[in-house]
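[1] Have a look; sequence and predicted model below, questions after that.
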Number of protein chains: 2
Amino acid sequence: MRRSAEETRRHILDVAGDLFYSRGVRAVGMDLVIGTAGVANATLYRQFATKDELVTAYLVTRNEDWWRRLREATAAAPGPRARIEALFALTRQDMATPGYRGCATLNVTSEFPDEGHPAHAAAVAHKTEVQTWLSEQLREAGDANPDDTAGKLLVILDGAQVLAAAMATDTPGDHMIQLAEQLLDARLPAPA
Amino acid sequence: MRRSAEETRRHILDVAGDLFYSRGVRAVGMDLVIGTAGVANATLYRQFATKDELVTAYLVTRNEDWWRRLREATAAAPGPRARIEALFALTRQDMATPGYRGCATLNVTSEFPDEGHPAHAAAVAHKTEVQTWLSEQLREAGDANPDDTAGKLLVILDGAQVLAAAMATDTPGDHMIQLAEQLLDARLPAPA
DNA sequence: TTGACAAGAGAGAACGTTCCGTCTCATTCT
DNA sequence: AGAATGAGACGGAACGTTCTCTCTTGTCAA
């Protein structure tokens, strides 16, 4: 079968992403990616010069996908609080999906603690963007201290994800929703 | 220099533990452990038959140490709520330590997602024990639904740890303390 | 007190495997 | 014709692990 270069790249990225996410990046060798993708060795290396590059691309595209999914999930939300709630609902839904292994971004920071690693940098950048997004929504919703609340929401969000992945349960998801709602109630003024 | 077998074992475990924790388990090879410990190859393998065994021993002893530290930190606590607060204070303190890399247990579950792996099992067991401990304290403190509160406290605790490690900040520590206090205030009856 | 002995430590070679990455070459599609 | 692909050999390094061999040390019988 013949694919365009772009299709090939995307296909490899999909396959590699699934493997990296489910088994862990370091546990997956390039040979496995190549074999699973059904692609020639040289084909992969033409698209991604090194494994680090592939890993970074995996995280970046995954985060892009996540933003797209968030945009869709928040499209119908009437206001900032509803958008935040949509984010949590989306995460809650992910956690109930079989094969859930937590936040890919956090897993990468755990596997690549070296701050100089490009994948680590991409992970940190993503988390920062999410926090900024939360803070903006909170400000718009009338929070007097949006940065503080955003940080706390992120603690709740990530804590539930890690726990759900580690314990293979989704009860942390329920706890997450309740904690977030409680925090929003305490911080946000009642809608007019 | 000559050491007893027990001393050697402990020494290897200390060295391996530092390396595993700071760089990640999979990123550290046995040669590095052997070299850093200044020990002969055969000496290590006489104490730990495989790397998996070493990793599992690392996690188990680390968790034992953690319980010991918790016991010390809670020794002077006048009641169950103070004991819980001591746990959070201890974690808060760890997070401010240079070289902090998050919860070793969670890092292991992230690096070894395979549920059959003994280190993974040890990690899950530890998290379960902590949750049970929290639940017991809460029940003693008069919480009407201690399991639920314990689950939420764990979400807060682990979320802050992961975030602090990923972002190399300790502000999640402050958020953690505040969230925990707020939750305890809401759940626990005022002391008589 | 001496001396033999077992246990364990040290040094390091070597094994087979896996890893990442390079390369060649025939084939296939446009 | 030309560019990209599949198949796969290949190299060098790192991996986990086994092995041999020497040397030190503590123990215990003679």
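    Received the coordinates, thanks. Numbering: from 1, shown residues only, chains lettered A, B, ... in the order given.
[2] Setting aside sequence neighbours, what's the nearest residue to the residue of chain A found nearest chain B?
    For chain A, the residue closest to chain B is A:Gly159, as judged by C-beta to the nearest C-beta, at 2.2 Å. (Each C-beta comes from the backbone N, C-alpha and C, glycine too.) Beyond its immediate neighbours in the sequence, the residue positioned closest to A:Gly159 (C-beta to C-beta, 6 or more residues apart in numbering or on different chains) is B:Gly159, lying 2.2 Å away.
[3] Wait, that neighbour touches A:Leu153, no?
    No: with contact taken as C-beta atoms under 8 Å, B:Gly159 and A:Leu153 are classed as non-touching, separated by 9.8 Å.
[4] for chain A, what spans make up the helices?
    Taking DSSP state H as the test, the helices found in chain A are A:5-23, A:30-37, A:41-47, A:51-74, A:80-95, A:104-111, A:118-140, A:146-167, A:171-187.
[5] as a whole number, average confidence for the last one?
    Across helix A:171-187, the average pLDDT comes to 97.
[6] ok, residues contacting that helix?
    A:81, A:84-85, A:88-89, A:91-92, A:95-96, A:138, A:143-145, A:149, A:152-153, A:156-157, A:159-161, A:163-164, B:148, B:151-152, B:154-156, B:179, B:182-183, B:186 (C-beta atoms under 8 Å, 6 or more residues apart in numbering or on different chains).
[7] cool, the shortest one as well?
    Defining contact as C-beta under 8 Å, 6+ apart, one finds that helix A:41-47 is touched by A:5, A:8-9, A:12, A:30, A:33-34, A:37, A:54.
[8] what do you get for the fifth one?
    The contact list for helix A:80-95, computed with C-beta under 8 Å, 6+ apart, reads A:69-70, A:73-74, A:77, A:100, A:134, A:136-138, A:140-141, A:153, A:157, A:160-161, A:164, A:170, A:172-174, A:176-177, A:180-181, A:184, A:188, A:191.
[9] quick revisit: Serialize the helices of chain A to CSV and add fields for mean neighbour count and distance to DNA strand C.
    Compiled in CSV, the helices of chain A are given as follows (neighbours: other C-beta atoms under 10 Å in any protein chain shown; distance: least, C-beta to the nearest atom of the strand, whole Å):
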stretch, mean neighbour count, distance to DNA strand C
helix A:5-23, 17, 10
helix A:30-37, 15, 3
helix A:41-47, 15, 3
helix A:51-74, 17, 4
helix A:80-95, 19, 27
helix A:104-111, 26, 12
helix A:118-140, 19, 12
helix A:146-167, 25, 22
helix A:171-187, 19, 31
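[10] can you list the ones you listed in a markdown table and add distance to DNA strand D?
    Shown next, in a markdown table, are the helices of chain A (distance: least, C-beta to the nearest atom of the strand, whole Å):
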| stretch | distance to DNA strand D |
| --- | --- |
| helix A:5-23 | 4 |
| helix A:30-37 | 8 |
| helix A:41-47 | 3 |
| helix A:51-74 | 12 |
| helix A:80-95 | 31 |
| helix A:104-111 | 14 |
| helix A:118-140 | 18 |
| helix A:146-167 | 23 |
| helix A:171-187 | 31 |
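[11] For these, give me TSV that also has distance to B:Gly17.
    Output for these, formatted as TSV (distance: least, C-beta to C-beta, whole Å):
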stretch	distance to B:Gly17
helix A:5-23	24
helix A:30-37	30
helix A:41-47	36
helix A:51-74	26
helix A:80-95	31
helix A:104-111	16
helix A:118-140	22
helix A:146-167	20
helix A:171-187	28
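[12] domains for chain A, by residue range?
    Listed domain ranges for chain A are A:1-49, A:59-187 (source: automatic domain parsing).
[13] Compare those and say which comes out lowest on pLDDT.
    If these are sorted by mean pLDDT, domain A:1-49 sits at the bottom with a mean of 88.
[14] Can you pull the phi and psi angles for A:Gly79?
    phi -160, psi 180 (degrees, to the nearest 10).
[15] So it sits against A:Ala141, correct?
    Yes: the pair A:Gly79 / A:Ala141 is scored as a contact, 6.9 Å apart, by C-beta under 8 Å.
[16] higher neighbour count, those two?
    When neighbours are counted by other C-beta atoms under 10 Å in any protein chain shown, A:Ala141 comes out ahead of the other of A:Gly79 and A:Ala141, with 20 against 12.
[17] could I have stretch A:8-24 exported to CSV, CA atoms only?
    Output of stretch A:8-24 as CSV, limited to C-alpha atoms (Å, rounded to 0.1, in the frame of the first residue of the first chain):
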residue,chain,number,x,y,z
THR,A,8,2.6,7.9,6.8
ARG,A,9,3.8,10.3,9.4
ARG,A,10,0.4,10.5,11.0
HIS,A,11,0.0,6.7,10.9
ILE,A,12,3.4,6.2,12.7
LEU,A,13,2.5,8.8,15.2
ASP,A,14,-0.8,7.2,16.0
VAL,A,15,0.7,3.7,16.4
ALA,A,16,3.6,5.1,18.5
GLY,A,17,1.3,7.1,20.6
ASP,A,18,-0.8,4.1,21.5
LEU,A,19,2.2,2.1,22.4
PHE,A,20,3.9,4.9,24.3
TYR,A,21,0.8,5.7,26.3
SER,A,22,-0.2,2.2,27.2
ARG,A,23,3.2,0.7,27.9
GLY,A,24,5.3,3.7,28.8
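[18] Can you tell me what sits against that stretch?
    The contact list for stretch A:8-24 (C-beta under 8 Å, 6+ apart) reads A:3, A:28, A:32-33, A:36-37, A:39, A:43-44, A:47-48, A:54-55, A:57-58, A:61-62, A:99, A:101, A:104, A:107, A:111, B:26, B:110-114.
[19] Done for today, thanks.
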